[in-house]
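Could you look at this predicted model? Sequence included:
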Amino acid sequence: MTREMADTSAHQKHQHGGDAPEPGAHEPHAADHGGSGHDRHAGHSVEMFRRKFWGTLLLSIPTVIWAPMIQHWFGYEAPGGPVASRWVPAVFGTLVFGYGGRVFIQGAASEIRDRLPGMMTLISLAITVAFGFSLAVTFGFPGSDLWWELATLVTIMILGHWIEMRSISQAQGALKELAKLLPDTAVRVVGDRTETVAVSDLRVGDGVLIRPGAGIPADGLVKDGSSDVNESMITGESRPVRKDVGGRVIAGTVNGSGSLRVEVTGTGDKTALAGIMRLVAQAQSSRSRAQALADRAAFLLTVVAIVAASVTLIAWSIAGKDAAFVIERVVTVLVIACPHALGLAIPLVVAISTTLGARSGLLIRDRRGLEDARNVTAVFFDKTGTLTRGEFRVVKTTTRQGLAPDEALAIAAAVEHDSEHTIAQGVVKSAEEHNLHLPGAEHFQGLPGRGVQAIVDGRTILVGGPALVREHGVRVDPALQAAIERAATRGQAAITMIEGTSAMAVFAIADAVRPESRDAIERLHTQHIEVIMMTGDARPVADSVARELGIDVVFAEVLPDQKASKVKEVQQRDKKVAMVGDGVNDAPALLTADVGIAIGAGTDVAVEAGDVVLVRSDPRDVPRIIALSKATYKKMIQNLWWAAGYNVFAIPLAAGVLAPWGIILPAAMGAVLMSLSTIVVAVNAQLLRRAKL
């Protein structure tokens, strides 16, 4: 199953020859140029570049040892005399060119076929010029060969690519980590017995036994048992989540100390884990505006390098320098100007930010959506299920003198316990969330249209609405009557607890606000973002929630087909709008907004309307997305400067402008500087992991 899901989520590869892909080859990162999907490393792997580096290094050693210039510099004579010094570097240099340089030649051929000359083209041109010139000198052309320079240049370039591939592979480890979450086997329940089967053999409707500490093999519903489940690897929720009968479990999460019997509802690519993997893969392959900028910069840098190399060739030739000096200057210019770091600058940041998001329950479907989030100035929230639980809860308890609110809630919950009414269950769940001990209740009786009654500790207690109060001629003291009227003005239901003919307490019932909503809105305000709530509820209900949370603007009584027009209305005020909703009736508004943020609610991650999917139904993830967007964009721009800015000084230095003062940059040193810029870009991208979200 792990392999099957990894295959489902894999990027589409554009092969362009070269060494065959090896096991563990990482998926291609973002394109180097344009929108064609061209990938200079398609089919390559970390292992391939590791092997090539050590191979070229070994072949380069005799090339350097027998090089006449090296012997002269260090004052020694290599075995074999002048004949060996002529032919050993030529033979081993040719082997280096053929073995190590092959990958660059093939990459250049692919770039030229795609009419997208870039890094591979420049490297290929540089080593081909050096090889051709050195071969000519070996067979009698006047000048000094460049065999040792060619060998060290190819070796350093291979090393740079190995480092790059390792960085990308490590950053894109989110998919591999997710694939490892799923266990290989499951314990299937068949009648009165159990059997161990491969996870791939599970089908919807099967029953599985989840033992303490075991990984959950498929999405499902708990049919028996209770336990705390660690869902942090999927939702980012750090605390274990309680699972009782009827609760949903997610494939890839880990059971706690209890035992669960689960009915399978989703397997293979229908699980939440598979959906998350698809979104992570999609995000890592999608393109951002910063990537398009890097592509244009890389193309322009390629053109600049070729022009600079041509000018260098003509200028030094006119100046009367020998061919070896001129060719080395040309090769150095081509090497040092390679847009190698530019090719890494954006894809590495993309991979790291996608991984950070996935680990925190923030799934990016479209890179442009994440990029635009940094400019958001207004956030729309759908109310029900987003800012609120979408379930009834007691939001205010008012009691007569001498009765504590928690005691009143516990008694009411005991009376309501056996009722299936949604308001009654809201009372019960409120008591459970307050960890209240419920007294024993007996002789429960439903009173249709009015409420319920039961005997609690020998006392007959009734709980119900206005009809029950009128029927029993209940006396309601002023404080409780004020609570009833206050609930009505807020669009809340008010139920009264009665003993005899006296009202004991009034409970205001409403769609409960999520406790985390207030934190989310406060953080958005600190980011200077306007918060707007949009709901189909009546104005009093909407205004009550807005007052409680400090929301800036409220659109109430909005029909589903009117939500998109409300988003447009705010956009016309020159606001960059993010819309947060459940992706169902909010889909038009999500698509209309500059950034659509869909609530995935843990198991439903295949939300197609949003640019970003929140695995948890936690509004605090909205300001975190904006923070991630700002941090990601900052790193992208920094990397573009690190990758391209150094060429302002490096290209003239490589061309030899300081040669009259005795400062000459060898081709191999040019490769070192070029590789150094790549390393700086890689390290700077890794610092994104420290961003506070």
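That came in fine, so what should we check first? Numbers count the residues shown, from 1 in each chain.

So which bits of the helix or strand that contains E407 are buried?
E407 is part of helix 405-416, with elements assigned from DSSP states H and E. Of the residues in helix 405-416, those scored as buried under the neighbour-count criterion (16 or more other Cβ atoms under 10 Å) are 407-416. C-beta: built from backbone N, CA, C; applies to glycine.

After that helix, which helix or strand is next?
Of the helices and strands lying after helix 405-416 in sequence (DSSP H and E), the nearest is helix 422-433.

Now do the helix or strand just after that following helix and helix 405-416, the angle between them.
For helix 422-433, the succeeding helix or strand toward the C-terminus, using DSSP H and E, is strand 441-447. Between strand 441-447 and helix 405-416, the angle formed by their directions is 70 degrees, by axes from the mean of the first three to the mean of the last three Cα atoms, to 10 degrees.

Not counting its own residues, what contacts strand 441-447?
Outside of strand 441-447, the residues within contact range by Cβ atoms under 8 Å, 6 or more residues apart in numbering are 414-415, 417-419, 452-456, 462, 464, 468.

mind running it again at 6 Å?
Identification of contacts with strand 441-447 by Cβ atoms under 6 Å, 6 or more residues apart in numbering yields 414-415, 418, 452-456.

any low-confidence regions in the stretch 1-150 of the chain?
The stretch 1-150 of the chain contains residues with pLDDT under 70 at 1-44, 118-119, 143.

swap the cut-off to 80 and go again
By pLDDT under 80, the low-scoring segments of the stretch 1-150 of the chain are 1-46, 69, 73, 116-120, 122-123, 126, 141-146, 149.

before we move on, the earlier item: in PyMOL, how would I select the buried members of the contacts of strand 441-447?
Command for PyMOL, covering only those of the contacts of strand 441-447 found buried under the criterion 16+ other Cβ under 10 Å:
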select buried, resi 414+415+452+453+454+455+456
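
pLDDT-wise, what's the bottom of the contacts of strand 441-447?
By pLDDT, D418 ranks lowest within the contacts of strand 441-447, coming in at 87.

what about the closest residue to that one other than its chain neighbours, distance to L462?
If the residues on either side of it in the chain are set aside, D418 comes closest to F444, at 4.6 Å by Cβ to Cβ, 6 or more residues apart in numbering. Between F444 and L462 the distance is 12 Å, computed by Cβ to Cβ, to the nearest Å.

Same drill for these two, tell me which one is more crowded.
Summary of the neighbour comparison: F444 and L462, criterion other Cβ atoms under 10 Å, with L462 having more neighbours (23 against 15).

So what pairs up with that one in the strands?
For L462, the beta-bridge partners are Q453, I498 (DSSP bridges).

C-alpha coordinates for the helix or strand A358 falls within, PDB please?
A358 is part of helix 340-359 when elements are defined by DSSP H and E. Output of helix 340-359 as PDB, limited to C-alpha atoms (Å, rounded to 0.1, in the frame of the first residue of the first chain):
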ATOM      1  CA  HIS A 340      23.200  26.800 -11.100                       C
ATOM      2  CA  ALA A 341      22.200  28.600  -7.900                       C
ATOM      3  CA  LEU A 342      19.200  30.200  -9.700                       C
ATOM      4  CA  GLY A 343      18.000  26.800 -10.600                       C
ATOM      5  CA  LEU A 344      18.100  25.800  -6.900                       C
ATOM      6  CA  ALA A 345      17.000  29.200  -5.400                       C
ATOM      7  CA  ILE A 346      13.200  28.700  -5.800                       C
ATOM      8  CA  PRO A 347      12.600  24.900  -5.900                       C
ATOM      9  CA  LEU A 348      14.400  24.400  -2.600                       C
ATOM     10  CA  VAL A 349      12.400  27.000  -0.900                       C
ATOM     11  CA  VAL A 350       9.200  25.500  -2.400                       C
ATOM     12  CA  ALA A 351      10.100  22.100  -1.200                       C
ATOM     13  CA  ILE A 352      10.900  23.300   2.300                       C
ATOM     14  CA  SER A 353       7.800  25.500   2.700                       C
ATOM     15  CA  THR A 354       5.600  22.700   1.400                       C
ATOM     16  CA  THR A 355       7.100  20.300   3.900                       C
ATOM     17  CA  LEU A 356       6.700  22.800   6.800                       C
ATOM     18  CA  GLY A 357       3.100  23.300   5.800                       C
ATOM     19  CA  ALA A 358       2.300  19.600   5.500                       C
ATOM     20  CA  ARG A 359       3.800  18.800   8.900                       C
END
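
Which strands or helices does it pack on?
For helix 340-359, the packing partners by 3 or more Cβ pairs under 6 Å, 6 or more residues apart in numbering; DSSP states H and E come out as helix 147-171, helix 272-285, helix 289-318, helix 621-644, helix 667-686.

Now do that helix against helix 289-318, angle only.
Interaxial angle of helix 340-359 relative to helix 289-318 (the same axes, to 10 degrees): 160 degrees.

strand partners of the next helix or strand after helix 340-359, parallel vs antiparallel please.
Downstream of helix 340-359, the next assigned helix or strand under DSSP H and E is strand 362-364. In its sheet, strand 362-364 lies beside strand 612-614 (antiparallel), with partners assigned from DSSP bridges.

coming back round to it: packing partners of the helix holding E407?
Using 3+ Cβ pairs under 6 Å, 6+ apart as the contact criterion, the neighbours of helix 405-416 among helices and strands are strand 388-399, helix 422-433, strand 451-456, strand 459-464.

What angle do helix 405-416 and the last one make with each other?
What that stands for is strand 459-464. Relative orientation of strand 459-464 and helix 405-416, computed by the same axes, to 10 degrees: 90 degrees.

start at 37 instead
Got it, first residue is 37 now, which makes that one strand 495-500.

Report the central residue of the protein.
Note on the chain: the residue nearest the mean C-alpha position is T390, at 2.6 Å, using Cα atoms, centre = their mean.

what about stretch 648-665, start to end distance?
Across its full length, stretch 648-665 reaches 11 Å end to end, with Cα to Cα, to the nearest Å as the criterion.
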